[in-house]
Structure formats: structure tokens, C-alpha cells
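Asker: structure, please.
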Amino acid sequence: MPASLDRRLIAGMRLFDAGEYHDSHEVWEEMWFEEVGETKDLLKALIQIAVALHHRQNGNLRGAELLFSRAGREVLPRVRSYLLGLDARDLELRALRLLQELQNLASVEHPRFDPNLVPRFESRRRDAAREARAAGERLPPEDDAAADR
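Answerer: Modelled structure (predicted):
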């Protein structure tokens, strides 16, 4: 099954949008093991961004900085602009902005981050559900409902 129609991609997006970064990383990691090439790289970057945000929430600022840097400077530049219906350039820019914000706040004891910099996948989830339905896939009821919103 193409990863773009994989329920795990959509489930990971739902968890990520809910701020459940560790759980989204776990879901995407299952997919990552099965993929190759650019798809594997894109999933790797999604995982790195999710884990970076998880670290950021838990105060591991060095870990977050390292993963934002890897995703934005190393992995996403290897991915074509649009893959799995996602804009890799936008993800790259967001990872680099989150990295820059974190570096700018290095002297602050408990830095807060701008949630507007965090990628959101809600519309992509709806699009993926529509694609799956068009391909004859039957998604769980919550994915059908999300597609209709």
C-alpha cells in the first residue's frame, strides 16, 4: 500500500496535531522501517520534528536543538518539495524556524515556543482520507468524518 494512503500516516498526523509528539513518532517509526528513499527520509524528518517537540516540552533543549537541526539541515533538503501530500519545503522552514527560536531563547530559563511555528496536518489528514476513499480504501469512521469537515 502506498504510504500516502497508510492509516498510520493519518493516525500520526492526528496525534501530532493533538500535541502527542511522542506517540506520533511511535506511529511514524513503524512506517519508517518499511520505507526506502525519499519516503523514508520524509518520515525520518517527521519523526525528528516530533521527537524534538517532545524534548522541547520536557526541557531537553539540547536534544530538541539537535533534532530540529538534523531535520531542517540534513534530511528535508534531500526530499523533493511534495511527497505523501506534504510540503517538504514548508516542513524544512518550520524546523529551521523552531531551531532558530530555540537558539534565540538559549539564555531564558524556561523558554516558551511559538506554537504557530509547529506544523499542522489537519487539512492533510482530510485530503489523505479523501484519496483513500477515491482509491476504494475503507477508512475507520473517524477518518471518514474528518474528511468531510
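Asker: in the chain, which spans are helices?
Answerer: For the chain, the helices defined by DSSP state H occupy 7-17, 21-34, 37-57, 61-69, 88-104, 122-134, 141-148.
Asker: show me which residues of the fourth one are buried.
Answerer: It stands for helix 61-69. 61, 64-69 (16 or more other Cβ atoms under 10 Å). To be clear about C-beta, it is placed using only N, CA and C from the backbone, and glycine gets the same treatment.
Asker: for the record, mean pLDDT for that helix?
Answerer: Mean pLDDT, helix 61-69: 95.
Asker: the spatially closest residue to residue 96 that is not a sequence neighbour: neighbour count?
Answerer: Distances taken as Cβ to Cβ, 6 or more residues apart in numbering put residue 72 closest to residue 96, at 4.0 Å, once the chain neighbours are dropped. By the criterion of other Cβ atoms under 10 Å, residue 72 has 24 neighbours.
Asker: equivalent analysis for residue 97, please.
Answerer: 17.
Asker: what's the pLDDT at it?
Answerer: For residue 97, the pLDDT comes out at 94.
Asker: go on, residue 130?
Answerer: Note for residue 130: predicted pLDDT of 57.
Asker: returning to what we had before: from residue 20, how far off is the residue nearest to residue 96?
Answerer: Between residue 72 and residue 20 the computed distance is 22 Å (Cβ to Cβ, to the nearest Å).
Asker: same check, this time on residue 106
Answerer: Distance from residue 106 to residue 20, by Cβ to Cβ: 27 Å.
Asker: what's the distance between the residue sitting nearest the centre point of the chain and residue 85?
Answerer: The geometric centre of the chain, computed from its C-alpha atoms, lies nearest to residue 46 (Cα atoms, centre = their mean), at 3.7 Å. From residue 46 across to residue 85, the span is 12 Å (Cβ to Cβ).
Asker: ok, back up a step: touching, the residue nearest to the centre of the chain and residue 12? I think so.
Answerer: Yes - with contact defined as Cβ atoms under 8 Å, residue 46 counts as touching residue 12 (7.2 Å).
Asker: find residues that contact each of those two.
Answerer: Common neighbours of residue 46 and residue 12, counting by Cβ atoms under 8 Å, 6 or more residues apart in numbering, are 24, 28.
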